[in-house]
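Asks: fold the following for me, if possible:
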Amino acid sequence: MGENKHIEEIDAFAKKYIKEIPVESPSVNFTANLMNTISQLQTEKTIVYKPLISKKGWFVVVAAVIAVVLISFKSSKESIFTMPEINLSFLEKFSFSGVFESVSVSTSTLYLAILFSVLIFIQIFYLKGYFEKQINS
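Replies: Here you go, the predicted model:
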């Protein structure tokens, strides 16, 4: 009972104190000032993302991969690189025959996998462009 009386006293004091506080109202152009401040903050914090590998870097990487592929398939006996002989005779002890003989992939599954891969690459490039437009605007 004593606790309820104490709570009622605190409640009456709070009501009396709140009635004495004057009501504040914002200025007439408060919303306009707030929107101007927000727009200034948005224009100041424009983030420009730079790719880790630039277009020139990708060109160099692609050129290097093409050069390595073309050099490796060169049919001449003379070689730029002399590879040391590696003895892989220990691999003859392992028998992998019959491991993949029972696995068969239908042509429709193969076509579906190729189509799925192509669509994923298209989607990656499309989404990359979409998000770059969202960031830049």
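Asks: quick one: average pLDDT of the longest helix seen in the chain?
Replies: Secondary structure of the chain per DSSP state H: the longest helix is helix 107-136. Averaged across helix 107-136, pLDDT comes to 88.
Asks: how far away from the center of its chain is the helix or strand bottoming out on mean pLDDT in the chain?
Replies: Every helix and strand in the chain was compared by mean pLDDT, DSSP states H and E; the lowest is helix 30-44, with a mean of 81. Centroid displacement of helix 30-44 relative to its chain, using CA atoms, centre = their mean, to the nearest Å, is 30 Å.
Asks: could you point out which element follows it?
Replies: helix 55-72 (DSSP states H and E).
Asks: quick one: that following helix to chain centroid distance?
Replies: Relative to its chain's centre, helix 55-72 lies at 25 Å (CA atoms, centre = their mean).
Asks: what comes up buried for that helix?
Replies: Within helix 55-72, no residue is scored as buried using 16 or more other CB atoms under 10 Å. C-beta here means a position set from N, CA and C on the backbone, and glycine is covered the same way.
Asks: pLDDT (mean, whole number) over that helix?
Replies: So the average pLDDT for helix 55-72 ends up being 85.
Asks: then the least confident helix or strand of the chain to CSV, C-alphas only?
Replies: Extracted as CSV, the C-alpha positions of helix 30-44 are listed here (Å, rounded to 0.1, in the frame of the first residue of the first chain):
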residue,chain,number,x,y,z
PHE,A,30,12.5,24.6,-39.8
THR,A,31,11.8,21.9,-42.4
ALA,A,32,13.4,23.9,-45.2
ASN,A,33,16.6,24.5,-43.1
LEU,A,34,16.7,20.8,-42.2
MET,A,35,16.3,19.7,-45.8
ASN,A,36,19.0,22.1,-46.9
THR,A,37,21.4,20.7,-44.3
ILE,A,38,20.7,17.2,-45.4
SER,A,39,21.2,17.9,-49.1
GLN,A,40,24.5,19.6,-48.3
LEU,A,41,25.7,16.6,-46.3
GLN,A,42,24.7,14.3,-49.1
THR,A,43,26.6,16.2,-51.8
GLU,A,44,29.7,16.5,-49.6
